[in-house]
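> Here you go, sequence then predicted model.
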Amino acid sequence: MTKNKDARVTISLACTICTCRGVGDKSMGISRYTTRKNRRNTPTRLESKKFRVCRHKHTYHKELKK
């Protein structure tokens with residue numbers, strides 16, 4: 001039996017530095033991660049520090065609106 005409102009939802013995390021310029025001012029795109037969170041334990045927006053490949057360092061990623 002399934003519930004209408006599950007406690008765990010899938011969310012997307014987007015980088016706060018939205019565009020990255022590579023070699024020759026070419027855009028590398030937007031860095032996004034997907035993860036799951038418990039809606040009851042974490043009702044606020046999630047913010048996490050993740051690795052950014054094009055910059056070779058860790059940056060903050062925030063939860064997107066749905």
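It's in.
> what about Ala14, neighbour count?
Other residues within reach of Ala14, judged by other C-beta atoms under 10 Å, total 14. For the C-beta atoms, the positions are set from N, CA and C on the backbone; glycine is no exception.
> And for Leu13, the neighbour number?
21.
> in what helix or strand does it lie?
Using DSSP states H and E, Leu13 falls within strand 8-15.
> Would you mark the buried spots in that strand?
In terms of neighbour count (16 or more other C-beta atoms under 10 Å), strand 8-15 has its buried residues at 11, 13, 15.
> which residues touch the second one?
To tie it back to what came earlier, the one meant is Leu13. Residues counted as contacts of Leu13 (C-beta atoms under 8 Å, 6 or more residues apart in numbering) are 32-35, 46, 48, 50, 61-64.
> can you rerun that using 6 Å?
For Leu13, the contacting residues are 33, 61, 63, by C-beta atoms under 6 Å, 6 or more residues apart in numbering.
> Show me what the most centrally placed residue in the chain is bridged to.
In the chain, the centroid-proximal residue (C-alpha atoms, centre = their mean) is Leu13; its distance is 1.0 Å. Beta-bridge partners recorded for Leu13 (DSSP bridges): Tyr33, Glu63.
> my guess is Leu64 contacts Ala14, does it?
Yes: using C-beta atoms under 6 Å, Leu64 is in contact with Ala14, at 5.3 Å.
> Name the residues of stretch 32-42 that are buried.
For stretch 32-42, the buried set under the neighbour-count rule, 16+ other C-beta under 10 Å, comprises Lys37.
> now that stretch: mean pLDDT?
The average pLDDT for stretch 32-42 rounds to 90.
> now that stretch, how far from the chain's geometric center?
Chain-centre distance of stretch 32-42: 10 Å, with C-alpha atoms, centre = their mean, to the nearest Å.
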